[in-house]
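Colleague: next one to model:
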Amino acid sequence: MRWTANMENIADAHARRAMNVPVTEPTPPYISIHIRHGDFSKQCEEFPVDQCFAPLSVIARRVSEVQEELRTRKGIDATHVIMTSDERDPEWWSDVRALGWTWVDYAAERTEEIYGKWHPVFLDAIIQSNGAGFVGTRGSTMSTLASRRVQTWHDGATRLVRWGWPGADDH
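Modeller: Residues are numbered from 1 along each chain as shown. Here you go, the predicted structure:
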């Protein structure tokens, strides 16, 4: 399955605005991230959620690994990072911003109002799949699909973050 040209254009415009890329410049290579928390928190029975999910420091390490692989293997310097997540905690998003990463603000973009209820989900999937590299959540179907698309469509570097217990992704 491929995205329609129209959907690709809408997703690219959203990603470019999130990265503050002028219309006159090409879309730079970026790392896309998908971190699923929402309903996965139900699987955190043995540990508090803040210990069950991988911390942003672990995700940042995975992003660095992907960036290094892209530099080494393809000569690509992907400094832009776009986060997609169902996380609702404003402090978590503030910490994402502190890492220098960005995301599409669908409310500010009025995406649902303009395009319809399902467009933010589709646009996230397109943005994820168009990254030069991808970091996702192990066990998430959306992350698995995005990872495979980045690998096969763009010969990109990918990692899936382990979670479920403290230190699950330590290596």
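
Colleague: worst-scoring helix or strand of this structure, pLDDT-wise?
Modeller: Each helix and strand of the chain was given a mean pLDDT (mean pLDDT, DSSP states H and E); the minimum falls on helix 49-52 at a mean of 87.

Colleague: who does the following helix or strand past that helix touch, helix- and strand-wise?
Modeller: Beyond helix 49-52 in the direction of the C-terminus, DSSP states H and E gives the next helix or strand as helix 56-74. Contact here means 3 or more CB pairs under 8 Å, 6 or more residues apart in numbering; DSSP states H and E; on that basis helix 56-74 packs against strand 30-35, helix 90-98, strand 133-137, strand 157-161. To be clear about C-beta, it is placed using only N, CA and C from the backbone, and glycine gets the same treatment.

Colleague: got these as TSV, with mean neighbour count and mean pLDDT columns?
Modeller: Written out in TSV, the entries for these read as follows (neighbours: other CB atoms under 10 Å; pLDDT from 0 to 100):
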stretch	mean neighbour count	mean pLDDT
strand 30-35	27	98
helix 90-98	13	97
strand 133-137	28	97
strand 157-161	23	98
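
Colleague: let me know the pLDDT of residue 37.
Modeller: Per-residue pLDDT puts residue 37 at 87.

Colleague: next one: residue 131
Modeller: Reading off the per-residue confidence, residue 131 sits at a pLDDT of 98.

Colleague: contact partners for it?
Modeller: If a contact means CB atoms under 8 Å, 6 or more residues apart in numbering, then residue 131 has 29, 30, 31, 32, 78, 82, 146, 150, 154, 156 as its contacts.

Colleague: contacts only, for the nearest residue to it once chain neighbours are set aside.
Modeller: Nearest-residue entry for residue 131: residue 32, 3.3 Å, with adjacent residues in sequence omitted and distances by CB to CB, 6 or more residues apart in numbering. Counting by CB under 8 Å, 6+ apart, residue 32 makes contact with 81-82, 84, 127-131, 133-135, 146, 150.

Colleague: hmm, 10 Å instead?
Modeller: For residue 32, the residues meeting the contact criterion (CB atoms under 10 Å, 6 or more residues apart in numbering) are 15, 66, 78, 80-84, 124-136, 146-147, 150, 156, 158.

Colleague: next one: residue 122
Modeller: Residue 122 makes contact with 3, 4, 7, 10, 11, 111, 115, 116 under the criterion CB under 10 Å, 6+ apart.

Colleague: the fifth one and residue 106 touch, don't they?
Modeller: What it means is residue 11. No: under the contact definition of CB atoms under 10 Å, residue 11 does not touch residue 106, with a separation of 11.6 Å.

Colleague: right, I'll call it a day here.
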